[in-house]
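What follows is a predicted protein model with its sequence.
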Amino acid sequence: MMKRGTAVLVIQAALCGTVVLFPGNGSGDAILDEAKKEGRVVFYASMEIQNSQRLVSLFEKKYPFIKANVTRIGSERMTTRLVSEAQAGKVSADVVHQSGFDFYGVLQKGLFESYNSPERSALPAEYKDDKGYWTINSATLNVIGYNTRLVPHAEIPKSFWDLSNPKWKGKIIMDENESKWMAGMISYYGEAKVMELMRKLATQEIQFRVGHTQIQTLAAAGEREVVGVAFANGVERLKNDGAPMDWVAAEPIIGLTFGFALVKGSPHPNAGKLLIDFVLSREGQQVIAEANYYVPRKDVRSPIMKRVPPELKVIPLPLETAKRYNEYFQLYRKVMGLK
C-alpha cells in the first residue's frame, strides 16, 4: 500500500510533468553523497588529451561539485607509475584508461578495485569481466591505409593477403612492432595461415618505422603508397586535415582495446565510480566514438563504423593475449626479418 506522503509526491510530480525516481537500495545516493565530500577525481588516461579533456569537462558539468584532473600518460609509463605508487602506499589515480596489454599486466598485480557499474549492462560480455574489475570501453581499429594520390581506386587492397601481391613490393610501410595485430590475426585465422601470410609479407621489401603516427604521416607525404596496418582514427585525422590519405576495412578488423578500471586504494573512490559511470554511459561513449574509436556500447554507433561493411565484425584483442606478448613480439621480428 502506498504511503500518503509518497502518494502526494507522485501526484505532484504527475501534475508538474516530472518523474520522481526512488532508488532501490540507496547505493547510488550513498556514492553521490560520498563523492560530494571527496570533491575531486584523478584520471590517468592514455587517450589523446583533447578527448580526455572533453570527457572530464562534460563530467564536471554533470557533477559541478567534483573537480576532475586528467594526467595524460603513455601506457607503458602508466604501468610503472601505478606499480610504484602502490608499492609506496601513495596511490594518486582513481580511474585509469590504458592500452589493453599494459592494462592486463597491472590487472594481474591486483591493483584494481571491483566496481560493477550499472552502465556495464549495455556492453557485450566480451568487453567486461563478471566481477567488475575491468571493462573495455573502446578500441582502435586496425585497417589498411593508403595514399589516395598514389593508389588508383581500382587497385585499393581489399585484404591483408592482397598486400602480398608482387605489385606492392617496395611500396608498403609498417610499424616495426605489429605483434598485437599479428596476435589478433592468429586468434581469428589460426597460426599456420597467419604465418604463411607473414612470410609472404616479409618478401615485400617493407619499410619499417616506429609508431603509427609516423608511418601514417610518411605515407601521406608519399614515402610509401600503403600502410600495411594503420589505425583508422589516425588516418581519419590526417584525411580531415586535408592529407591524401584514406583507409579500407579488411577482415578481420582487429580492435586494439583499452582497459578501464577503478584503482585499488584510490583517494577518491566514490568520485571515481561516478566517472566510470559517466565514461561508460551513452553520453561518454559517444564522446569517444566521435574521436573515431570503436565503442562497444550497444546503443551507440561509432561514426567510423559507417565505413565498415556490415558483414565485418570488430574482433577485440583479448586481454589474455598479453600472456604471450613476448612470444608474439619475438615471433613477429623473426618472421619479418627484423633484428
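Looks like it came in fine. Residues are numbered from 1 along each chain as shown.

Quick check, residue 158 in contact with residue 248.
Yes: when contacts are counted by CB atoms under 8 Å, residue 158 is listed as touching residue 248 (6.6 Å). Glycine gets a C-beta too; all of them are placed from N, C-alpha and C.

In terms of neighbours, single out the busier of the two.
A side-by-side neighbour count of residue 158 and residue 248, using other CB atoms under 10 Å, places residue 248 first with 19 against 11.

What's the local residue count around the nearest residue to that one once chain neighbours are set aside?
Leaving aside its sequence neighbours, residue 248 sits nearest to residue 144 (CB to CB, 6 or more residues apart in numbering; 5.2 Å). For residue 144, the neighbour count with other CB under 10 Å is 24.

For residue 144, which three-state class applies?
strand (DSSP: H, G, I helix; E, B strand; the rest coil).

The chain should start at 3 in everything you say after this.
Right, with 3 as the first residue, what we last looked at is residue 146.

quick one: terminal-to-terminal distance for stretch 150-162?
18 Å (CA to CA, to the nearest Å).

quick one: average pLDDT of it?
Looking at stretch 150-162 alone, the average pLDDT works out to 96.

just the strands in the stretch 53-202 of the chain please.
69-74, 97-101, 114-115, 137-149, 174-177 (DSSP state E, counting those that start in this stretch).

Those strands: which one's closest to residue 201?
Closest to residue 201 of the strands of the stretch 53-202 of the chain, according to CB to CB: strand 174-177, at 14.6 Å.

can I get the strands of the stretch 53-202 of the chain in TSV with distance to residue 315?
TSV is the format used below for the strands of the stretch 53-202 of the chain (distance: least, CB to CB, whole Å):
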stretch	distance to residue 315
strand 69-74	31
strand 97-101	22
strand 114-115	28
strand 137-149	12
strand 174-177	24
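
So which elements touch the helix or strand hosting residue 217?
Counting by DSSP states H and E, the element that carries residue 217 is helix 214-222. Helices and strands touching helix 214-222, by 3 or more CB pairs under 8 Å, 6 or more residues apart in numbering; DSSP states H and E, are strand 137-149, strand 174-177, strand 228-233, helix 234-242, strand 247-250.

Need those in a markdown table (columns: distance to residue 125).
Formatted as a markdown table, the helices and strands packed on helix 214-222 follow (distance: least, CB to CB, whole Å):
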| stretch | distance to residue 125 |
| --- | --- |
| strand 137-149 | 7 |
| strand 174-177 | 29 |
| strand 228-233 | 22 |
| helix 234-242 | 20 |
| strand 247-250 | 26 |
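
The ones you listed: which one's closest to residue 300?
Short answer: strand 137-149, nearest of the helices and strands packed on helix 214-222 by CB to CB, at 13.2 Å.

and the angle from the closest one to helix 214-222?
20 degrees (axes from the mean of the first three to the mean of the last three CA atoms, to 10 degrees).

how distant is strand 137-149 from the center of its chain?
8 Å (CA atoms, centre = their mean, to the nearest Å).

Buried residues in it, which are they?
Within strand 137-149, the residues that count as buried by 16 or more other CB atoms under 10 Å are 137-149.

Break the chain down into its domains, please.
9-141+258-308, 142-257+319-337 (automatic domain parsing).

Endpoints of the last one, how far apart?
It refers to domain 142-257+319-337. 25 Å.

Would you pull up how far that domain lies from the middle of the chain?
The mean C-alpha position of domain 142-257+319-337 is separated from the chain mean by 18 Å, CA atoms, centre = their mean.

and what of stretch 101-108?
12 Å.

Check the domains of the chain for me: which has the lowest mean pLDDT.
domain 9-141+258-308 (a mean of 88).

Which residue, neighbours along the chain excluded, lies closest to residue 306?
With CB to CB, 6+ apart, the residue lying closest to residue 306 is residue 294, at 4.7 Å.

What's the local residue count around the one you found?
22.

list the contacts for it?
234-235, 238-239, 304-306 (CB atoms under 8 Å, 6 or more residues apart in numbering).

6 Å instead, please
235, 238, 306 (CB atoms under 6 Å, 6 or more residues apart in numbering).

re the thing from before, what does the helix holding residue 217 contact?
With CB under 6 Å, 6+ apart, helix 214-222 has contacts from 147, 149, 175, 177, 211, 229, 232-233, 236-237, 240, 245, 247.

helix, strand or coil for residue 43?
Relying on three-state DSSP, one would call residue 43 strand.

wait, doesn't it sit right on residue 277?
Yes: judged on CB atoms under 6 Å, residue 43 makes contact with residue 277 at a distance of 5.1 Å.
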